[in-house]
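> Provided below for reference: sequence and predicted model.
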Amino acid sequence: MFVAVVGTFFAGLIGVTLALFAGFYRGAIDNLISRFVDIWISFPPILLSIVLMAVLGTGLTKVALAIILVDWTRFCRVIRGEVFNIRERDFILAARAIALGNLRIIVKEVFPNIVPLLTVLVTLEMGIAIIVEAILSFVGLSVEASVPAWGQMIALGRLYIHQAWWIMVFPMMCIITSVLGLNLLGDGLREVLDPRLKVLGMK
């Protein structure tokens, strides 16, 4: 869970910051960021994670860093599209009319309106981070052998599947339960935080 929380937090911090500037300012800034994102996501995420771990070495910090370097593009692409839509709404035009600066508009007006979507995205990315860490530990590229990890348990359990099936099945169930729980948590938080869903629920 340490890897999921830390990796998702910093990946979100990088991705959302770039997305806010790209979606709000557009033009050359958007083109530069978007092209870099396009190039970065052209690498298969799992393969890129394996390559990064082979270069960085093992350890929880290195796994978190690999997840940050892989997952920030998802935040950037999704949030950028939402910022594009928010930028054209009437309350943004009203903020410009009263001479609010661009940075203040981004912080006070744009960011609060992406929080519901960002909440769902964070929980989804935490689930993806758990799966990525499990894959890396399964192939021996995550943490040291002395550190317990679900992927390592699955790798060990497959050797004894006919004698002790639970060694492999229980870690798999933990991964499934964790990812499903995070997805449900994200859906619930969005219903609480998104005012549009509240209005629809009242009708």
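Nice, I can see it.

> Lowest mean pLDDT among the helices and strands of this protein, which one is it?
Ranking every helix and strand in the chain by mean pLDDT, DSSP states H and E puts helix 195-202 at the bottom, with a mean of 52.

> So which residues make contact with stretch 15-24?
29-30, 33-34, 71-84, 86-87, 102, 105-106, 110-111, 114, 118 (C-beta atoms under 8 Å, 6 or more residues apart in numbering). (Glycine included, C-beta is placed from N, CA and C.)

> In the chain, which residue is most central in space?
Of all residues in the chain, the one closest to the mean position by C-alpha atoms, centre = their mean is residue 125, 3.2 Å from it.

> Just list the residues touching it, thanks.
Here residue 125 is in contact with 8, 11-12, 71, 74-75 (criterion: C-beta under 8 Å, 6+ apart).

> Next one: residue 49 from residue 77, what distance?
Using C-beta to C-beta, to the nearest Å, residue 49 is found at 18 Å from residue 77.

> Out of these two, name the residue with the larger neighbour count.
Taking neighbours as other C-beta atoms under 10 Å, residue 49 and residue 77 compare with residue 49 leading, 23 against 18.

> Wait, the more buried one touches residue 68, no?
No: contact criterion C-beta atoms under 8 Å: residue 49 and residue 68 do not qualify, at 10.7 Å.

> re earlier: of all the contacts of residue 125, which two lie farthest apart?
8 and 74 (10.2 Å; C-beta to C-beta).

> How are the helices of this structure distributed by residue range?
2-25, 27-41, 45-56, 60-87, 90-97, 102-105, 111-138, 150-157, 166-193, 195-202 (DSSP state H).

> Just send these back as JSON lines, with distance to residue 144 too.
Below are the helices of the chain laid out as JSON lines (distance: least, C-beta to C-beta, whole Å):
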{"stretch": "helix 2-25", "distance to residue 144": "14"}
{"stretch": "helix 27-41", "distance to residue 144": "29"}
{"stretch": "helix 45-56", "distance to residue 144": "13"}
{"stretch": "helix 60-87", "distance to residue 144": "10"}
{"stretch": "helix 90-97", "distance to residue 144": "50"}
{"stretch": "helix 102-105", "distance to residue 144": "44"}
{"stretch": "helix 111-138", "distance to residue 144": "10"}
{"stretch": "helix 150-157", "distance to residue 144": "10"}
{"stretch": "helix 166-193", "distance to residue 144": "17"}
{"stretch": "helix 195-202", "distance to residue 144": "45"}
